[in-house]
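Asker: Predicted coordinates and the sequence they were generated for:
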Amino acid sequence: MKTIYLIGMMGVGKSSIGRQLAEAMKVPFFDLDQEIEALAQKSINDIFAIDGEEIFRQLEKKQLRNLPNENAVVATGGGIVLDQENRNWLQENGTVVWLTANTDTIVQRLESDRSRPLLQDDVRRKIGELLIARDGLYHQTADFTMSTDGKSVEYIVSQVAKLQLGE
């Protein structure tokens, strides 16, 4: 099985869904942000604050390529699609599932989360700006798209597993 890469905005459920999907499919799960933190030996917030977004994106690209491209589930960061090389890598090395949610859902999930370096100001405005900047890139990269609005993690896991199995 090719690795399943979960892409989409922060707050759509990539990590939660990825963990359960990997468990259901009996393959390892990797959270790319956690892998970057392990490599850098500091938090994503510290990488952004101390080293800057450009260094973070370089680490992101490096760690993406260090993860298995078979028999795994990978939850990517929301900005993975900003780099053309990353988009190409995802498409060539796995099955890419774009998880979506509407702005209200994302804001509700993230408005009290201060661990996101790109959301330190007006969460609703920033989410709207990021969606405008990234939606076309997600669309261009994805093999499949699935909304997480009003759906349980278990339901989404079952649907993504069916996609992977070709049902």
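Answerer: That came in fine, so what should we check first?

Asker: so Thr76 makes contact with Leu67?
Answerer: No. Thr76 lies out of contact with Leu67 (Cβ atoms under 8 Å); the separation is 9.7 Å. C-beta here means a position set from N, CA and C on the backbone, and glycine is covered the same way.

Asker: These two: who's more crowded?
Answerer: Thr76 (26 against 17; other Cβ atoms under 10 Å).

Asker: how about the strands in this protein?
Answerer: 3-7, 29-31, 73-75, 94-100, 144-147 (DSSP state E).

Asker: and those as a markdown table, adding mean pLDDT?
Answerer: Listed next are the strands of the chain as a markdown table, based on pLDDT from 0 to 100:
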| stretch | mean pLDDT |
| --- | --- |
| strand 3-7 | 97 |
| strand 29-31 | 98 |
| strand 73-75 | 98 |
| strand 94-100 | 96 |
| strand 144-147 | 95 |
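
Asker: In JSON lines, list those along with mean neighbour count and distance to Ile44.
Answerer: Shown next, in JSON lines, are those (neighbours: other Cβ atoms under 10 Å; distance: least, Cβ to Cβ, whole Å):
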{"stretch": "strand 3-7", "mean neighbour count": "27", "distance to Ile44": "17"}
{"stretch": "strand 29-31", "mean neighbour count": "20", "distance to Ile44": "11"}
{"stretch": "strand 73-75", "mean neighbour count": "28", "distance to Ile44": "13"}
{"stretch": "strand 94-100", "mean neighbour count": "23", "distance to Ile44": "19"}
{"stretch": "strand 144-147", "mean neighbour count": "16", "distance to Ile44": "25"}
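
Asker: Report the spatially nearest residue to Ile50, omitting neighbours in sequence.
Answerer: Among residues not flanking Ile50 along the chain, Lys42 sits closest, at 7.3 Å (Cβ to Cβ, 6 or more residues apart in numbering).
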